[in-house]
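A.B. asks: Need the 3D shape of this:
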Amino acid sequence: MKLFISSLLVFLCLLSCNNGKQPIKGATSFQKELNAQYKDASRSPLKESDRKEFEGLEFFKYDSTFVVEAVFTRTENEVPFKMKTTTDRLPTYVKYGVLQFALNDEMFQLSVYQNQDKLEEDLHYNSLFLPFTDETNGLESYGGGRYIDLSIPTDNKLVIDFNSAYNPYCAYNDKYSCPIVPRENYLKTRIEAGVKAFKKH
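C.D. replies: This next block holds a predicted model:
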């Protein structure tokens, strides 16, 4: 009887502590973190009407095939350029390097970029921007392509996890200004990993 009462108390505590909130959805820590961000009114790019109905983003099923080790080659003497965006905003980027990798027995190459505006603000800024498009765009994934955040490697190897590919904020709300994926970063293959297209209400 004591065991039953103790179990009942634990169950009631869990119900009250949850305050009716739904648990954050996601099969991986990346998915859970992204869903938590999008549920949070202070950080979410979603329109208010979409956020109220939001239960979680759609993702491709996690697939280790899309975690690849790339050979990183630093591109020297690159001239900074104004990257086109979905608005008149033109942030300054520089092509920082090239990533070469094998995927499903094919070789591919992507360029990575560094935001020079952020570098001016923080001399220790070491993030790299990897935008790409692939053959799922406009079908299962967002038509404008997706992004991956990386850090400057300490050697000539860098792991790309396409399962962490996310959509530009413009996929959710047209008030944002988003970099347009450079033409050189089109992958002629299907990247069935990362965030899928957002179904708006």
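
A.B. asks: for this protein, which residue is closest to the average position?
C.D. replies: residue 166 (2.4 Å; Cα atoms, centre = their mean).

A.B. asks: Beta-bridge partners for it, please?
C.D. replies: residue 147 (DSSP bridges).

A.B. asks: Poorly predicted segments of the chain, please.
C.D. replies: For the chain, applying pLDDT under 70 flags the ranges 1-22, 200-201.

A.B. asks: cutoff 80 now
C.D. replies: Applying pLDDT under 80 to the chain flags residues 1-24, 200-201.

A.B. asks: Please, where are all the helices along it?
C.D. replies: Counting by DSSP state H, one finds helices in the chain at the ranges 2-18, 29-39, 48-52, 116-121.

A.B. asks: Now do the buried residues in stretch 176-192.
C.D. replies: Neighbour counts over stretch 176-192 (16 or more other Cβ atoms under 10 Å) mark 178, 179, 181, 182, 185, 187, 191, 192 as buried. To be clear about C-beta, it is placed using only N, CA and C from the backbone, and glycine gets the same treatment.

A.B. asks: Surely the last one touches residue 139?
C.D. replies: In this case it means residue 192. No. Judged on Cβ atoms under 8 Å, residue 192 makes no contact with residue 139 at a distance of 10.5 Å.

A.B. asks: hang on, the earlier thing: out of the buried residues of stretch 176-192, which is nearest to residue 65?
C.D. replies: Using Cβ to Cβ, residue 192 comes nearest to residue 65 of those, at 8.7 Å.

A.B. asks: what sits against the residue nearest to the centre of the chain?
C.D. replies: 34, 146, 147, 148, 194, 195 (Cβ atoms under 8 Å, 6 or more residues apart in numbering).

A.B. asks: Over to residue 169?
C.D. replies: 45, 176, 178.

A.B. asks: didn't the first one look like it was pressed against residue 177?
C.D. replies: In other words, residue 45. No. Judged on Cβ under 8 Å, residue 45 makes no contact with residue 177 at a distance of 11.7 Å.

A.B. asks: how many other residues sit next to the closest residue to residue 163 other than its chain neighbours?
C.D. replies: Residue nearest to residue 163 in three dimensions, not counting chain neighbours: residue 193, with 4.6 Å by Cβ to Cβ, 6 or more residues apart in numbering. When neighbours are defined as other Cβ atoms under 10 Å, residue 193 has 23 of them.
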